[in-house]
Structures are given as structure tokens and as C-alpha cells.
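**Student:** With the input below, show me the fold.
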Amino acid sequence: MKVVVIGGTGHIGTFLIPRLVKEGYEVTVISRQQHKPYVSDATWQKIQWINVDRGQLEKEGRFGQMVADLAPDVVIDLICFTVESANQLVSALLDRVQHFLHCGTMWVHGYKVEAPSDESHPRRPLGEYGIRKAAIEDYLLNQVDQQRLPVTILHPGHIVGPGWTPLNPQGNFNREVFTALASGQELIMPNLGLETLHHVHADDVAAGFMQALVNKERATGQSFHVLSDKALTWRGYAEAIAEGYNQKANLLFKPWDEFRTMVSESDAQCTWDHLMHSTIGSIDKARRLLNYMPRYSSLEAIRESLSYQ
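**Tutor:** Model (predicted):
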């Protein structure tokens, strides 16, 4: 079976491509540039590479047809960010592939009435990214004929793993936060640290895509959360990291209006985005229908990511 993966050289692709090859799929990776995955694996020598600028080909109206001309059985799109982009691809793939898998995001949920979020909850997206991804989800599941193009959407949380900095307990990507916790330094925290973050190891996301592939009948026309088993509170996350370095977390809690003045503008904006979303999701549906079983807890995934760097 031939699988085309769009954007397969990133965090998810690092683990998804080897899984596909080892299961006997013929894999073609479409990416803007051919660069090494975050974790080396000999299976990458067995794939076909196609290096193209998706954005430019979409402007020319040629990207979808280029993918269709590869005659794939399955297409996995890891880097689609607009309805227009999704529509061009779908239009070219109708009646031509057996399964189309799209990478969404937990941010389609936006603010919550109930927690944890599950896939049946109404979408109340916040911010441009969440709004656009929610619109893509609606288009793919509610406007595309599932008989002509079977679609499955996987919604990961905060992806972590070897090769990149995890989202930290302050809700941003400043590595000095981990340094402060490791050395017992004072760390300012927004509000009371009771909001939530829901991480997932990139390999568990890859496993979710594989389970959707092998459970196509149950996956078609559905969206699924791919997350660790449990989310973390910001305070609990900070305390656990400090404890891992035999330290007691020295946390100073500040109201948002004060906190934002005590960090850089970019860190403050990132923290605000994650405060607003306070991601926490259920994986019961993925467990039940896809037999999805994440190997990593949130903390295990984060610690592996930190130890790798």
C-alpha cells in the first residue's frame, strides 16, 4: 500500500515514517526541504523524497493534482492550515484514495464549558490558529463526501519528544524556566498555576495515526484526541520538574497583569495563548475505537525531551 505523507520531516514524521516503513507501507514524503529527522533511523533510507514548496504550488493551483498524480492509497497531511489548502487537496483526491488523514489540534476546542474536552463538544475556537483548524475540521468531516474520500482527523496536544524544547510550566518555550526549577531559583508563575497543559510524545501521536490507518472503518468520518493519559496543572508540572532535580519548587504567583510585565513580550504572548486554552482532553474515544494506548505520561515525555538536549 502506498502512503504519501505531506510534511513528514517534522516532530510527528520523525516517528511516523519509520513506523509506516516497518509495517510494510511504500512511503513518499513531500516536504519543503529534505532534512534529517529529529531521531535517526535507517528506515529513512527506504522512502521516496519529493521536495516542493507547497505554498507556491497551491498559488499555482497545482499542489493537489501533484499529490493525486503520485497515485497514493493513503494521504496523511501533517501541515494543512487553511480551508483553501484543504479544499485544493480534497478536490484532487476525491474518488482516488482509500483514506485521508489530517493532523488537527486540541486548540479547535478553545474555551470549555466542561472539562476534559471530548470530541463531541461544540467547537469554540480562540485565536487565528484554532479558528482556522476548526474550520478545516468542519469542512473535512461535514462537507466532504466520506464515500468519495474517507477522512480521519487526529488532534494532538502539546507535542514533545527528542530534539526540541517542551512547552514549560510557565506556558512558553523559554528554557531558562527549566534551569530555574533545576537550581531552586525563584520562578514567577501566572495566576495560581491551576490551569492545565496536555502534552503528548510525538511517538504516541505517530501511533495514533497508525491506529487510525488499521482501523479505517471505525475511524472514517471521525476526529480523535491523541494525548497522554492525563494533563498537568501548571503548578504541579513545575513542582514535578523541580523534584526531578532534587529541588523544591520556589514559585511566586502573580496576577496576569503583573506577570506579563515581568517576562519578555514574546513569552507573555505565548503564556497568554496557553492560559486561554488551558488544554485538557479525554482519549476515551481513541481508546475505544482505535485501541490507542499512549506509552508516555506527560511527565515521561517531557523528561525524555529534556534529557535528550
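**Student:** How are the helices of this structure distributed by residue range?
**Tutor:** Per DSSP state H, the chain carries helices over the ranges 11-22, 54-59, 63-68, 83-93, 127-138, 176-183, 202-214, 216-219, 234-244, 256-259, 265-277, 284-290, 298-308.
**Student:** Any idea which of the ones you listed gets closest to L154?
**Tutor:** Closest to L154 of the helices of the chain is helix 202-214 (Cβ to Cβ; 5.2 Å). Every residue, glycine included, has its C-beta placed from N, CA and C.
**Student:** so what does the closest one touch, helix or strand wise?
**Tutor:** Applying 3 or more Cβ pairs under 8 Å, 6 or more residues apart in numbering; DSSP states H and E, one finds that helix 202-214 makes contact with helix 11-22, strand 99-103, strand 151-156, strand 158-160, helix 216-219, strand 222-226, helix 284-290.
**Student:** quick check: angle from that helix to helix 298-308?
**Tutor:** Here helix 202-214 runs at an angle of 120 degrees relative to helix 298-308 (axes from the mean of the first three to the mean of the last three Cα atoms, to 10 degrees).
**Student:** what residue ranges in the stretch 201-309 of the chain score low on pLDDT?
**Tutor:** The model of the stretch 201-309 of the chain has pLDDT under 70 over residues 309.
**Student:** need the helices of the chain in JSON lines with distance to V226 and mean neighbour count, can you?
**Tutor:** Formatted as JSON lines, the helices of the chain follow (distance: least, Cβ to Cβ, whole Å; neighbours: other Cβ atoms under 10 Å):
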{"stretch": "helix 11-22", "distance to V226": "10", "mean neighbour count": "23"}
{"stretch": "helix 54-59", "distance to V226": "23", "mean neighbour count": "14"}
{"stretch": "helix 63-68", "distance to V226": "23", "mean neighbour count": "19"}
{"stretch": "helix 83-93", "distance to V226": "19", "mean neighbour count": "19"}
{"stretch": "helix 127-138", "distance to V226": "14", "mean neighbour count": "18"}
{"stretch": "helix 176-183", "distance to V226": "25", "mean neighbour count": "19"}
{"stretch": "helix 202-214", "distance to V226": "4", "mean neighbour count": "23"}
{"stretch": "helix 216-219", "distance to V226": "12", "mean neighbour count": "15"}
{"stretch": "helix 234-244", "distance to V226": "20", "mean neighbour count": "20"}
{"stretch": "helix 256-259", "distance to V226": "30", "mean neighbour count": "14"}
{"stretch": "helix 265-277", "distance to V226": "17", "mean neighbour count": "17"}
{"stretch": "helix 284-290", "distance to V226": "6", "mean neighbour count": "18"}
{"stretch": "helix 298-308", "distance to V226": "12", "mean neighbour count": "19"}
